[in-house]
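Engineer: Mind folding the following:
(one chain, ligands or ions: 1)
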Amino acid sequence: MSLHRLAATIESRKGADPESSWTAKLLAKGPEKAAQKFGEEAVEAIVEAVKGDRERLVGEAADAIYHLLVMCAARDVTLSDIEAELERREGRSGIAEKASRSDSALKKPQSGST
Ligand SMILES: N=c1c2ncn([C@@H]3O[C@H](COP(=O)(O)OP(=O)(O)OP(=O)(O)O)[C@@H](O)[C@H]3O)c2ncn1[C@@H]1O[C@H](COP(=O)(O)O)[C@@H](O)[C@H]1O
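Structural biologist: Residues are numbered from 1 along each chain as shown. Just a heads-up that it's a prediction; the model follows:
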């Protein structure tokens, strides 16, 4: 299933019957619960990555991505919003981005300094 199909399914579950849909049930519990579930699933993926179990990591990564999208949907952040942010960053190395952040931190006056 493509991420866009998954995101559209999640969106369609807003207001659906929580008895028939896990997504609707989770969304009905609010953004905090969705965030908690994403945290749990992310930790499970981390555990499998550290252990090096490739097959289980695939499963946990899928759970984590699904729960990340539900958490974002609960705050009305769409996959398109995330893609737009990724596109904005495209072509800019993470190393250059980090360097520009530490440059600006150096230029920033320290709090309490005169
Ligand atoms: N990708 C997923 C997906 N990944 C994980 N899950 C569910 O997420 C839940 C999390 O598992 P847990 O073991 O943590 O759940 P739990 O222990 O019952 O939860 P707690 O009581 O601990 O809170 C399980 O019930 C999984 O089935 C998912 N549920 C749905 N989807 C996708 O979303 C679509 C719509 O699903 P429904 O909204 O259920 O129709 C499906 O067709 C899938 O494509």
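
Engineer: Pull up the residues of the chain that are close to the ligand.
Structural biologist: 1, 6, 9, 13, 21-24, 63, 66 (C-beta under 6 Å from any ligand atom). Heads up, the C-betas are built off the backbone N, CA and C, glycines and all.

Engineer: could you redo the last one with a cut-off of 5 Å?
Structural biologist: 9, 13, 21-23, 63, 66 (C-beta under 5 Å from any ligand atom).

Engineer: Closest to the centroid, which residue in this structure?
Structural biologist: Of all residues in the chain, the one closest to the mean position by C-alpha atoms, centre = their mean is Leu68, 3.9 Å from it.

Engineer: List the contacts of that one.
Structural biologist: By C-beta atoms under 8 Å, 6 or more residues apart in numbering, the contact set of Leu68 is 38, 42.

Engineer: Buried among the residues of the chain next to the ligand? Make that a PyMOL selection.
Structural biologist: Entered in PyMOL, the line below selects the buried ones among the residues of the chain next to the ligand, by 16 or more other C-beta atoms under 10 Å:
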select buried, resi 13+21+23+63+66
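
Engineer: any idea how far the ligand is from Cys72?
Structural biologist: Distance of Cys72 to the ligand, computed by C-beta to the nearest ligand atom, to the nearest Å: 14 Å.

Engineer: Can you name the helix or strand that that residue falls in?
Structural biologist: Per DSSP states H and E: Cys72 is located in helix 54-74.

Engineer: Let's see which of the residues of the chain next to the ligand end up in strands.
Structural biologist: Counting by DSSP state E, none of the members of these fall within strands.

Engineer: and which of the residues of the chain next to the ligand is nearest Glu85?
Structural biologist: Relative to Glu85, the closest of the residues of the chain next to the ligand is Tyr66; by C-beta to C-beta it sits at 19.6 Å.

Engineer: Tell me the confidence at the nearest residue to Val70 once chain neighbours are set aside?
Structural biologist: Excluding the flanking residues, the one nearest Val70 by C-beta to C-beta, 6 or more residues apart in numbering is Ala34, at 5.0 Å. For Ala34, the pLDDT comes out at 98.
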